[in-house]
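Engineer: Would you be able to build a 3D model of this:
(one chain, ligands or ions: 2)
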Amino acid sequence: MSLSAVPGSVRVRAPGKINLFLDVGDVQADGYHDVASVYQAVSLVEQVTATPAAAFSVRVVDESGAAVPGVPTDDRNLALRAARLVAREVGYLGGVHLDIRKCVPVAGGMGGGSADAAAALVACDALWGAGLTSPALQELAARLGADVPFSLLGGSAVGTGRGDRLSPALARARFDWVIVTDEGGLSTPAVYAELDRLRSAARPDIEPAQQAPAVDPVILQALRSGSPDVLAGALRNDLQDAACALRPDLADLLDQGASAGAVAGLVSGSGPTVAFLAAGDESARRLQQTLSAAGRRARHVHGPVAGAKVVTR
Ligand SMILES: C[C@@](CO)(OP(=O)(O)O)[C@H](O)COP(=O)(O)OP(=O)(O)OC[C@H]1O[C@@H](n2ccc(N)nc2=O)[C@H](O)[C@@H]1O
Ligand SMILES: Nc1ncnc2c1ncn2[C@@H]1O[C@H](COP(=O)(O)OP(=O)(O)O)[C@@H](O)[C@H]1O
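Structural biologist: Numbers count the residues shown, from 1 in each chain. Ligands and ions are numbered 1, 2, ... in the order given. The predicted structure follows:
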């Protein structure tokens with residue numbers, strides 16, 4: 001492949017996500033669970049700036065420019081792995097420096113690392129003039145992690161298999177969410193393992209795994225309806241009980257959001273971020289203020305938003 005690298009830097013934004021629906025099936029031989037997921041990309045966005053460099057390096061800061069604890073800056077960094085993958089794929093022999101401005105909570109269940117990886121794929125493809133097609137980028141994304149393809153796609157979508165086989169879903173309206181983040185994170189494999197443990201202990205309050213996880217058509221109708229009340233009745237996350245078992249304080253937070261006027265609340269993915277659905281923009285503002293006044297780290301976001309895209313080059 002002939003590459004026509006662009007001079008200067010390329011900046012890409014990629015969104016975090018909420019799982020509106022997550023049916024978790026059995027664990028497979030590769031250690032992954034079969035899932036049926038409905039994702040929504042929300043307006044909490046990672047920004048990755050790629051600059052030509054001789055070697056591969058990454059710097060991670062938060063919105064105020066401060067260092068972010070808990071994110072590796074060596075070869076374990078998912079964005080750096082994405083950059084190396086693109087270089088290998090297209091035969092690029094140079095390096096790149098990635099500057100990540102992080103807004104999505106680390107290990108929060110909102111796919112922040114996946115968003116960084118998706119942004120890095122798009123940024124390196126543009127910076128190096130590689131011209132990878134969308135299906136080629138999706139294939140590389142799936143190699144990096146189950147949630148990475150969705151951050152590339154954005155919007156609302158159904159994910160099956162590991163969550164990486166995507167088909168877009170129609171959402172007619174904007175939904176307003178208040179997300180409550182937490183300084184501590186939860187490890188995704190630990191939460192899946194806790195669900196397996198709860199299920200094998202045959203707890204009567206934990207749904208057993210279905211043979212083949214499937215998306216309930218009601219959630220897709222709810223998305224199309226644009227009605228928060230209808231959507232509220234269709235939200236489901238099989239990982240919620242496991243996240244709450246590992247972090248019992250999340251149950252109090254869910255109750256607190258309900259008392260403060262949320263239409264519904266659920267743990268986002270493997271948690272510990274909790275997403276509260278609001279009746280609209282104004283109710284979300286009030287909910288955010290009430291939860292903040294009570295000492296929570298609450299942010300008003302909306303979805304769906306676009307997937308990873310170049311904002312400047
Ligand atoms: C739970 C979810 C819901 O969207 O998101 P997060 O809460 O992590 O954001 C995903 O399933 C996470 O996706 P992601 O975080 O990309 O997972 P990966 O890095 O590919 O996998 C990390 C580990 O999670 C477990 N895993 C992940 C996906 C899946 N379908 N089954 C699993 O059992 C496996 O133990 C795997 O080794
Ligand atoms: N660029 C990155 N941003 C965040 N986490 C990363 C990154 N690269 C690797 N990681 C590792 O992945 C783990 C989970 O990442 P993250 O995507 O933030 O959470 P979640 O999977 O819960 O949505 C982190 O604990 C961190 O060690």
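Engineer: in the chain, what residue is nearest ligand 1?
Structural biologist: G269 (2.5 Å; C-beta to the nearest ligand atom). Heads up, the C-betas are built off the backbone N, CA and C, glycines and all.
Engineer: Test my guess that Q40 contacts F21.
Structural biologist: No: Q40 is beyond contact range of F21, at 9.7 Å (criterion: C-beta atoms under 8 Å).
Engineer: Need the distance between the two termini of stretch 170-188.
Structural biologist: End-to-end distance for stretch 170-188, by C-alpha to C-alpha, to the nearest Å: 28 Å.
Engineer: how far out from the middle of the chain is it?
Structural biologist: 9 Å (C-alpha atoms, centre = their mean, to the nearest Å).
Engineer: Can you list the buried residues in that stretch?
Structural biologist: Under the neighbour-count criterion of 16 or more other C-beta atoms under 10 Å, stretch 170-188 has A171, F175, D176, W177, V178, I179, V180, T181, D182, G185, L186, T188 buried.
Engineer: can you redo the residues you listed as JSON lines with secondary structure?
Structural biologist: Shown next, in JSON lines, are these (DSSP: H, G, I helix; E, B strand; the rest coil):
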{"residue": "A171", "secondary structure": "coil"}
{"residue": "F175", "secondary structure": "strand"}
{"residue": "D176", "secondary structure": "strand"}
{"residue": "W177", "secondary structure": "strand"}
{"residue": "V178", "secondary structure": "strand"}
{"residue": "I179", "secondary structure": "strand"}
{"residue": "V180", "secondary structure": "strand"}
{"residue": "T181", "secondary structure": "strand"}
{"residue": "D182", "secondary structure": "coil"}
{"residue": "G185", "secondary structure": "coil"}
{"residue": "L186", "secondary structure": "coil"}
{"residue": "T188", "secondary structure": "helix"}
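Engineer: can you tell me which two in those residues are farthest apart?
Structural biologist: Maximum pairwise distance in these, criterion C-beta to C-beta, is 28.0 Å, between A171 and G185.
Engineer: In the stretch 1-150 of the chain, what residue spans correspond to helices?
Structural biologist: 78-90, 112-127, 134-144, 148-153 (DSSP state H, counting those that start in this stretch).
Engineer: cool, the stretch 151-300 of the chain as well?
Structural biologist: Under the criterion DSSP H, counting those that start in this stretch, helices of the stretch 151-300 of the chain are mapped to 188-200, 217-225, 228-234, 240-246, 249-259, 281-293.
Engineer: Can I get the fifth one in PDB, CA atoms only?
Structural biologist: It stands for helix 249-259. Extracted in PDB, the C-alpha atoms of helix 249-259 (Å, rounded to 0.1, in the frame of the first residue of the first chain):
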ATOM      1  CA  ASP A 249     -23.000   1.100  47.800                       C
ATOM      2  CA  LEU A 250     -24.300   1.200  44.100                       C
ATOM      3  CA  ALA A 251     -27.700   0.100  45.300                       C
ATOM      4  CA  ASP A 252     -28.000   3.300  47.500                       C
ATOM      5  CA  LEU A 253     -26.900   5.400  44.600                       C
ATOM      6  CA  LEU A 254     -29.600   3.800  42.400                       C
ATOM      7  CA  ASP A 255     -32.200   4.600  45.100                       C
ATOM      8  CA  GLN A 256     -30.900   8.100  45.500                       C
ATOM      9  CA  GLY A 257     -31.300   8.800  41.700                       C
ATOM     10  CA  ALA A 258     -34.900   7.400  41.700                       C
ATOM     11  CA  SER A 259     -35.800   9.700  44.700                       C
END
